[in-house]
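In: can you look at this prediction? I've put the sequence above it.
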Amino acid sequence: MTTSTSARRGVRRAGIAGLGALAAALVVLGVAGPASAAPAPAPSKPDKPANQLNKHWRFDASSVAVTDVARVIGADRLWNAGITGEGVGVALIDTGVVPVPGLRADHVVNGPDLSLDSQTEDARYLDTFGHGTHLAGIIAGSDGANFTGIAPGATITSVKVGAYDGAVDVSQVIAALDWVVEHRSDNPKRPIRVVNLSYGTDGVQDYQIDPLTHAVENAWRAGIVVVVAAGNGGTAAPKLTNPAYDPYVIAVGASDTNGTVLPHDDSVADFSSRGDADRRADLVAPGRSIVSLRDPGSYVDEANPTARVGDNLFKGSGTSQSAAVVSGAVSLLLQARPNLTPDQVKAALTRSAVKLGGSDPGQGAGELNVALASVTPAKGAKQTWAPSTGTGSLEAARGGSHLALNDDVLSGEADLFGPFDTAAWAKASSAGTAWVDGTWMGRALTGTSWGASSWAGLTWSGLTWSGLTWSGLTWSGLHWSGLTWSGLHWSGLTWSGLHWSGLHWSGLHWSGLHWSDESWN
């Protein structure tokens, strides 16, 4: 990790500008056989781009209601049979959620906040960006009147890893996955059986050694269906994002409904990553301009006012939204067929998918149809791919996605707290011992218990970080050393003034990577 004596002149996230533009110096490791970790080049330090707020969110003039998506994928037919996802827990590893109309307190649980926001109490657990709330609405939203998500009876466990502009390191996502595995059965009436991961890096490390793919495989082996966005690189992306390129998980591309609820005119969305011959998306689901819940005053809401649909809704495009559709559909399927294993869920979905016209390989098995999946045989579904060891490079798992403080880039074999031993972590993660109470791999990150919340059904206790050292910056007391949110305030169940005051760290700003183009798909 590089160092600098001017650590507080500003904050930014450093990396390349587009998901489809891989750094030329990256070593591309094949996926056909075992490989050893290769050292990654030093991450680039681009100049701060001008006015890129509107690049953090993708949408267009069209609008597709989630109820229309439900008709496209057959979810409405399961609703009519009384199947709503009741009893199924979905872990949403994202940017948090907020209490907006359409998210019911008795169907939302706050897991730990592992994001950079977590050290500011007023921002802890809350979706300061707007991405997680949008996806939560697609998966399990319901306002009892005008808005219904795909699985309105499912329970969301929000595990926040992304900060107010989406800033996140891959190590935080890995820690979140480990936490979900450890706590998947805390509520036996609503166990976590699905993970929605609308996140990915442009890393190209062999999946058989990559730490992030190892983390998702451990969740899969623990009985959790892991749904991952394929990426938004279109035909230019050489591969699916990491960890979507892992063959075990359900990799989801985006389809374009072209304004109808019949599949005959549907196509693969232009932005959906096609992958390569070794790994395509498993299937596609609607992902263009999906209208879901608005997070008033959040980063993307303030930056994209024309994406608002009325006062409470907001539209967005991406394989993030498509993955959320599939996570909701999996919740329905697991209520209808609770004994299915993750491999069987994947088989039922892919065997019943509806082939789209043309020969676009980005569609995988075709477009999701959960009604057909609910009656599709799933025998002989066991996957036998070579497993990931997880002992490869953490830096290679990042690809071009880096956190940086001025010229100090978080890189190499280190997380926010210091050196990180992937071999030791992989052993502990596989054994289910990476987390011990509120400590992950020796780093005290969270509290140790569930408690009451002002709005969510339960909330995992928080913790002030200590001992964090990154280029001389240390956590002190209840805040970053001297760095606090500027005017940030949460009042009751509404945003104070319906916006974030300042929307930045006092005097310091995160910038650099595009949310929709780099990490959050």
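Out: Done, it's in. Numbering: from 1, shown residues only.
In: so where's the protein uncertain?
Out: 1-56, 405-407, 452-458, 460-519 (pLDDT under 70).
In: that one: helices as residue ranges?
Out: Secondary structure of the chain (DSSP state H): helices at 66-73, 75-80, 131-140, 170-182, 211-221, 299-303, 319-336, 342-352, 370-373, 394-398, 422-431.
In: residue 459: which of those is closest?
Out: helix 170-182 (14.0 Å; CB to CB). Quick note: C-beta positions are derived from backbone N, CA and C, even for glycine.
In: neighbours around residue 188, how many?
Out: 6 (other CB atoms under 10 Å).
In: what residues are up against residue 343?
Out: 381-383 (CB atoms under 8 Å, 6 or more residues apart in numbering).
In: need the residues you listed in a markdown table (columns: distance to residue 66 and neighbour count).
Out: Putting the contacts of residue 343 into a markdown table (distance: CB to CB, whole Å; neighbours: other CB atoms under 10 Å) gives the following:
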| residue | distance to residue 66 | neighbour count |
| --- | --- | --- |
| 381 | 29 | 17 |
| 382 | 33 | 9 |
| 383 | 30 | 13 |
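In: of those residues, closest to residue 91?
Out: Nearest member of these to residue 91, counting by CB to CB, is residue 383, at 20.9 Å.
In: the closest one and residue 247, how far apart?
Out: When CB to CB, to the nearest Å is the yardstick, residue 383 and residue 247 sit 7 Å from each other.
In: now do the buried residues in stretch 369-383.
Out: By neighbour count on 16 or more other CB atoms under 10 Å, the buried set for stretch 369-383 is 369-374, 376, 378, 381.
In: what's it in contact with?
Out: 73-75, 77-78, 83, 247-248, 263, 329, 332-333, 336-337, 340-341, 343-349, 351-354.
In: among those, name the buried ones.
Out: In these, the ones that pass as buried (16+ other CB under 10 Å) are 73-75, 77-78, 83, 247-248, 263, 329, 332-333, 336-337, 340, 343-349, 352-354.
In: re the thing from before, now the helices of the chain in a markdown table, with distance to residue 109?
Out: A markdown table is the format used below for the helices of the chain (distance: least, CB to CB, whole Å):
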| stretch | distance to residue 109 |
| --- | --- |
| helix 66-73 | 21 |
| helix 75-80 | 23 |
| helix 131-140 | 11 |
| helix 170-182 | 12 |
| helix 211-221 | 17 |
| helix 299-303 | 24 |
| helix 319-336 | 14 |
| helix 342-352 | 21 |
| helix 370-373 | 24 |
| helix 394-398 | 28 |
| helix 422-431 | 23 |
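In: any idea which of those gets closest to residue 231?
Out: helix 319-336 (6.1 Å).
In: that closest one versus helix 131-140: what angle between them?
Out: Counting by axes from the mean of the first three to the mean of the last three CA atoms, to 10 degrees, helix 319-336 lies at 30 degrees to helix 131-140.
In: got the angle between helix 319-336 and helix 342-352?
Out: Going by the same axes, to 10 degrees, helix 319-336 makes 110 degrees with helix 342-352.
In: what about helix 319-336, distance to the chain center?
Out: Averaging C-alpha positions (CA atoms, centre = their mean, to the nearest Å) puts helix 319-336 14 Å from its chain's average.
In: that helix relative to helix 66-73, how many degrees between them?
Out: Computed by the same axes, to 10 degrees, the angle between helix 319-336 and helix 66-73 is 70 degrees.
In: ok, of the buried residues of stretch 369-383, which one's closest to residue 172?
Out: residue 370 (31.1 Å).
In: count the residues that sit near residue 238.
Out: 15.
In: got it, and the one 4 residues further on?
Out: Counted by other CB under 10 Å, the residues lying close to residue 242 total 28.
In: try residue 86
Out: 17.
In: wait, isn't it in contact with residue 335?
Out: Yes. Assessed by CB atoms under 8 Å, residue 86 is found in contact with residue 335 at 5.9 Å.
In: need the residues touching each of these two.
Out: With CB under 8 Å, 6+ apart, residue 86 and residue 335 have common neighbours residue 153.
In: please report how far the closest residue to residue 98 other than its chain neighbours lies from residue 297.
Out: Excluding its sequence neighbours, the residue lying closest to residue 98 (CB to CB, 6 or more residues apart in numbering) is residue 127, at 4.8 Å. To residue 297, residue 127 is 11 Å away according to CB to CB.
In: equivalent analysis for residue 396, please.
Out: 37 Å.
In: pick out whichever of these two has more residues nearby.
Out: Comparing residue 396 with residue 297 by other CB under 10 Å, the one with more neighbours is residue 396, at 27 against 19.
In: the closest residue in space to that one that isn't next to it in sequence and residue 319, how far apart?
Out: Nearest non-adjacent residue to residue 396, counting by CB to CB, 6+ apart: residue 205, 4.0 Å away. Separation of residue 205 from residue 319 (CB to CB) stands at 20 Å.
In: who's more crowded, the two?
Out: Between residue 205 and residue 319, counted using other CB under 10 Å, residue 319 has the larger neighbour count: 34 against 31.
In: wait, that one touches residue 255, no?
Out: No. The pair residue 319 / residue 255 is not scored as a contact, 10.0 Å apart, by CB under 8 Å.
In: so for the two, which residues contact both of them?
Out: Common neighbours of residue 319 and residue 255 (CB under 8 Å, 6+ apart) are 272, 287.
In: OK, contacts around residue 87?
Out: Residue 87 is in contact with 153, 189-190, 335, 338, counting by CB under 8 Å, 6+ apart.
In: mind redoing it with 6 Å?
Out: For residue 87, the contact set (CB atoms under 6 Å, 6 or more residues apart in numbering) comprises 190, 335.
In: over to the one 10 residues further on?
Out: Remark: with contacts taken as CB under 6 Å, 6+ apart, residue 97 is in contact with 127, 132-133, 136, 158.
In: any idea how far residue 274 is from it?
Out: Residue 97 is 31 Å from residue 274, by CB to CB.
In: ok so, going back, looking at the helices of the chain, which is nearest to residue 311?
Out: By CB to CB (comparing all of those), the closest turns out to be helix 299-303, at 11.3 Å.
In: CA atoms only for the closest one, dumped as PDB, please.
Out: Taking C-alpha atoms only, helix 299-303 is exported to PDB below (Å, rounded to 0.1, in the frame of the first residue of the first chain):
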ATOM      1  CA  TYR A 299     -26.700  10.600  -3.800                       C
ATOM      2  CA  VAL A 300     -28.300   9.200  -7.000                       C
ATOM      3  CA  ASP A 301     -31.600  11.000  -6.300                       C
ATOM      4  CA  GLU A 302     -30.000  14.400  -6.000                       C
ATOM      5  CA  ALA A 303     -27.800  13.700  -9.100                       C
END
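In: for stretch 388-407, C-alpha coordinates in CSV please.
Out: Provided in CSV are the C-alpha atoms of stretch 388-407 (Å, rounded to 0.1, in the frame of the first residue of the first chain):
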residue,chain,number,x,y,z
SER,A,388,-12.1,-22.1,-5.5
THR,A,389,-9.3,-22.3,-2.9
GLY,A,390,-9.5,-18.6,-2.1
THR,A,391,-5.7,-18.4,-1.7
GLY,A,392,-5.0,-16.1,-4.6
SER,A,393,-4.5,-12.3,-4.5
LEU,A,394,-6.8,-9.8,-2.8
GLU,A,395,-5.4,-7.1,-5.1
ALA,A,396,-6.2,-9.1,-8.2
ALA,A,397,-9.7,-9.6,-6.9
ARG,A,398,-10.1,-5.8,-6.8
GLY,A,399,-9.2,-5.4,-10.5
GLY,A,400,-9.3,-1.7,-11.1
SER,A,401,-11.6,-0.9,-8.2
HIS,A,402,-9.6,0.9,-5.4
LEU,A,403,-10.2,3.2,-2.5
ALA,A,404,-7.7,6.0,-2.2
LEU,A,405,-6.9,8.9,0.1
ASN,A,406,-5.3,11.5,-2.2
ASP,A,407,-2.4,9.6,-3.6
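In: I am finished for the moment; much appreciated.
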